[in-house]
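> How does the following fold in three dimensions:
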Amino acid sequence: MYYLHQKNYTAAAEIVTIYQQFFLEKNIRFRKDFKIYIEACAGLVHLFRKEYKQALHMWNDILHGPSVEVELRTQGAVRLYLMMLHYEEGNTDIMDYLAAQAKKYLQQIAIWHEPEKHFVKSLNEIAHQPDKGTRKLKMQALYRQLSEMPIHIAGNAVNPFILNWVKAQAGLPD
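Modelled structure (predicted):
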């Protein structure tokens with residue numbers, strides 16, 4: 001997902017389309033860990049392009065499929081991505097539930113660390129702020145705080161994609 005890291009969501013969307021046409025429509029089977037990672041990233045591409053229904057569709061197997069013990073960090077991150085999606089859609093009534101579900105899952109897989117705790121708590125609080133200006137200021141504070149925390153690719157569900165999203169919500173330049 002080179003293009004996702006480069007924030008080139010148009011090029012990333014082209015790759016996602018090829019993935020969907022080639023692998024999904026032809027029902028090609030491959031390793032579960034690969035499928036989880038690719039579909040999590042594909043959902044992110046849709047989220048960053050504001051294609052929320054498609055993002056949910058890509059994450060559906062991860063969120064509601066049979067439990068598997070692979071790519072747990074990615075599965076945990078998808079719970080955080082889901083909070084991001086509903087925040088963007090303005091679904092504040094579901095945020096408490098999503099925060100509780102994310103916390104429960106991340107605790108179960110032992111990835112409930114300071115960055116995850118802070119992100120879940122803060123995003124839930126920000127979502128309930130009625131004033132856009134206040135939300136933006138709180139997003140800026142969240143970005144600064146997360147940026148100062150040690151985040152390890154192997155040990156955290158909070159990742160660079162989440163940081164990029166928070167930065168964009170905060171209106172901060174790249």
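> for Ala168, what are its contacts?
By CB atoms under 8 Å, 6 or more residues apart in numbering, the contact list for Ala168 is empty. The way it works is simple: take the backbone N, C-alpha and C, and place the C-beta from them, glycine included.
> Where does it sit, in terms of helix or strand?
helix 160-169 (DSSP states H and E).
> Go ahead and measure how far that helix is from the middle of the chain.
Mean-position distance between helix 160-169 and its chain equals 10 Å (CA atoms, centre = their mean, to the nearest Å).
> try stretch 45-56
For stretch 45-56, the distance to the chain centre is 11 Å (CA atoms, centre = their mean).
> repeat for stretch 158-174
11 Å.
> Can you list the buried residues in that stretch?
Val158, Asn159, Phe161, Ile162, Leu163, Asn164, Trp165, Val166, Lys167, Gln169, Ala170 (16 or more other CB atoms under 10 Å).
> what's the next secondary structure element after the helix or strand containing Thr10?
Here Thr10 sits within helix 9-19, counting by DSSP H and E. Remark: after helix 9-19, the chain's next helix or strand is helix 32-48, criterion DSSP H and E.
> So which other helices or strands are in contact with that next one?
helix 2-5, helix 9-19, helix 52-64, helix 72-89, helix 160-169 (3 or more CB pairs under 8 Å, 6 or more residues apart in numbering; DSSP states H and E).
> Have a look at this structure and report the helix or strand with the lowest mean pLDDT.
For the chain, the helix or strand with the lowest mean confidence is helix 2-5, at a mean of 86 (criterion: mean pLDDT, DSSP states H and E).
> and that helix, which residues are buried?
Going by 16+ other CB under 10 Å, helix 2-5 has these buried residues: Tyr3, Leu4.
> Quick check: which helices or strands does that helix pack against?
Right, helix 2-5 is packed against helix 9-19, helix 32-48 by 3+ CB pairs under 8 Å, 6+ apart.
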